[in-house]
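Visitor: output the structure for:
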Amino acid sequence: MDPFTNNLKFDQTAGTIVIPLTIQPLEEFTREPVTLGDHLRRRRIELGLFQKDVAAKLDVTTPTVWNWENRGSVDLRFIPRVIEFLGYNPIPQPTDLLGRLAWYKQTNGLTLEQLGVEMGRDPEQLADWLSGRHFPCRRNQDEITLFLATQEMSRTPDAP
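Guide: The predicted structure follows:
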């Protein structure tokens, strides 16, 4: 009994049930990202950004970012922007020569025509090589190796 109001005083802690709250981590952080879209979603969430924020940074529409995140495939021409946004390249680099050439084409968002201009080669010939219809001769293999080595050296910053 409360002496000032003549009301019953209830113990506020009596009958309290404590339920421990455990926040489940988001699915994006419990499984390894597989697609470029998975990597994009994980990075966006890590940065606390909305899809519209990422869309503005990448100069695309919000539905485009949604499609990338939910369908996993990013248009070739946007792959370099996505890699730059991620801060790393999640696409594994193959060890075989033509695989490395295809990887270079993909990660730089190049069409066969653009790659042909960079290499000074016919895009049809590149298409034959990359599709497996033909295999380059030893001289062409050496030229591809030199081209890829030159590109790698030009991307590597000079050591202090």
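Visitor: state the mean pLDDT of stretch 121-132.
Guide: Throughout stretch 121-132, pLDDT has a mean value of 94.
Visitor: for that stretch, C-alpha coordinates in CSV please.
Guide: Extracted C-alpha coordinates of stretch 121-132, given in CSV (Å, rounded to 0.1, in the frame of the first residue of the first chain):
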residue,chain,number,x,y,z
ARG,A,121,43.5,-8.5,-84.2
ASP,A,122,40.4,-9.4,-86.1
PRO,A,123,37.4,-9.8,-83.8
GLU,A,124,36.3,-12.9,-85.7
GLN,A,125,39.7,-14.5,-85.0
LEU,A,126,39.3,-13.6,-81.3
ALA,A,127,35.8,-15.1,-81.3
ASP,A,128,37.1,-18.3,-82.8
TRP,A,129,39.8,-18.6,-80.2
LEU,A,130,37.6,-17.7,-77.2
SER,A,131,34.8,-20.0,-78.3
GLY,A,132,37.2,-22.9,-78.8
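Visitor: buried set for the one helix or strand residue 43 maps to?
Guide: Secondary structure from DSSP states H and E places residue 43 in helix 36-46. For helix 36-46, the neighbour count (16 or more other CB atoms under 10 Å) marks 36-44 as buried. In this view, the C-beta of every residue, glycine as well, is placed from N, C-alpha and C.
Visitor: list the buried residues of the longest helix anywhere in the chain.
Guide: In the chain, with assignment by DSSP state H, the single longest helix is helix 138-155. By neighbour count on 16+ other CB under 10 Å, the buried set for helix 138-155 is 144, 147-148.
Visitor: ok, now stretch 105-124?
Guide: Neighbour-count burial for stretch 105-124 [16+ other CB under 10 Å]: 105, 107-110, 112, 115-116, 119, 121.
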